[in-house]
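> Fold the stuff below for me.
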Amino acid sequence: MIIDFTHIIEQLPELVRSIGVTLAIWLVGTAGALVLGFFVALGLRFGARFVRWLLYFYVELIRGTPFLVQLFLLYYGGPFIGIALDPMPAGLLGVTVYGAAYFSEIFRAGFDAIPRGHVEAAQCLGLSRMQIIFRIEVPEMTMLVLPPAVNMTVILLKETAVLSIITVPELTFLMQAIGSQQYAFVEAMAVLACFYWAMVSITGRIGKAFEQKLSKFTFAHT
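Predicted structure coming up:
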C-alpha cells in the first residue's frame, strides 16, 4: 500500500475553503455559546423560579443527549415544526446551543466558587446588585473559569467534525468525499487528524498564555 497525498494536493482550493468553514463555525459558534451560556448562568442564579426551571431543563436536555442526535433533530426534524434551516445555519445554531449548555455550567460553578466575603464586602460599601455582579462577581468568575472554558472551546472545535453528517461543507465532509472518491482514506484522515491536532495545540497554548497573564490576580478566600 502506497501513501499518496496527490489527490489531496489537487484539491487545495477546496481544502482551504473547507478549513475556513470549519474555523468560522467554530469561532462564531463558540462566541455565541459563551454569550448565551453566560446569560443562562445568570438566569439560573438570579432568575425567577419559572425561568430557572426552564433553563435547568434546557441544560439537562442538551447535556444528556449526544450532539449528533441534536443535529439530526434540528436539521431533519426542524421542518416538522416550521424550522427549516440550511446546513450551515443549522450547524452554527447546533454548536451554539450545545456549547452554551456546558458553558453555563462552567460559569455557574465559577460564580459558586467566589468567596462569599467578597460579595459581603461590596454590600457593605453600598454597591448595588448589578454593580456587585459586573464589578465583583463577573471579573472573579472569569479568572476562575478560564481553564475549563478553554477545555470546552477545544471540545467544540472537535465537535465540528460531526457537522459533516448534515452536509456542512467543512473539512471532515471534504476529507470523507476525497476518501470515498479517490480511495485515499488513510491520507484524508491523516490530514484531518493533523489539522485538529494543530488547532487543539494552538488553542491550548493561547489558553495557557491567558492563564499566565491572569495568574497575578488572586483572590483570598474568606
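
> Report the separation between the nearest residue to Phe185 once chain neighbours are set aside and Glu10.
Taking C-beta to C-beta, 6 or more residues apart in numbering as the measure, Phe185 lies nearest to Gly179, with 3.9 Å between them; neighbours along the chain are not counted. C-beta coordinates here come from the backbone N, C-alpha and C atoms, glycine included. When distance is defined by C-beta to C-beta, to the nearest Å, Gly179 is 14 Å away from Glu10.

> what stretches of this protein score poorly on pLDDT?
1, 215-222 (pLDDT under 70).

> Quick one: the helices in it, in order.
Listed in chain order, the helices of the chain (DSSP state H) span residues 6-10, 12-46, 49-63, 67-75, 87-113, 116-124, 129-132, 138-159, 171-182, 185-214.

> Find the one among these with the highest mean neighbour count.
Stretch with highest mean neighbour count among these: helix 87-113 (a mean of 21; mean count of other C-beta atoms under 10 Å).

> by contact count, what packs against it?
Packing contacts for helix 87-113, counted by 3 or more C-beta pairs under 8 Å, 6 or more residues apart in numbering; DSSP states H and E, involve helix 12-46, helix 49-63, helix 67-75, helix 138-159.

> quick one: it to helix 12-46, angle?
With axes from the mean of the first three to the mean of the last three C-alpha atoms, to 10 degrees defining the directions, helix 87-113 sits at 40 degrees from helix 12-46.

> and helix 87-113 with helix 49-63, angle?
Going by the same axes, to 10 degrees, helix 87-113 is angled at 120 degrees with respect to helix 49-63.

> Just list the residues touching Val28, thanks.
Leu92 (C-beta atoms under 8 Å, 6 or more residues apart in numbering).

> isn't Met143 right up against Leu214?
Yes: with contact defined as C-beta atoms under 8 Å, Met143 counts as touching Leu214 (5.1 Å).

> Mind listing the shared neighbours of those two?
In terms of C-beta under 8 Å, 6+ apart, Met143 and Leu214 are not both contacted by any residue.

> before we move on, the earlier item: nearest to Ala121, out of the helices and strands packed on helix 87-113?
Checking the helices and strands packed on helix 87-113 against Ala121 by C-beta to C-beta gives helix 138-159 as the closest, at 12.1 Å.

> and for that closest one, what are the contacting residues?
Under the criterion C-beta under 8 Å, 6+ apart, residues 26, 29-30, 33-34, 67, 95, 98-99, 102-103, 106-107, 109-111, 113-114, 118, 196, 199-200, 203-204, 206-207, 210-211, 214, 217, 219 lie in contact with helix 138-159.

> Report the distance from it to the chain centre.
Relative to the chain's own centre, helix 138-159 is displaced by 9 Å; criterion: C-alpha atoms, centre = their mean, to the nearest Å.

> Relative to Ile81, which of the helices of the chain is closest?
helix 67-75 (9.9 Å).

> what angle separates that closest one from helix 87-113?
Between the direction of helix 67-75 and that of helix 87-113, the angle (the same axes, to 10 degrees) works out to 130 degrees.
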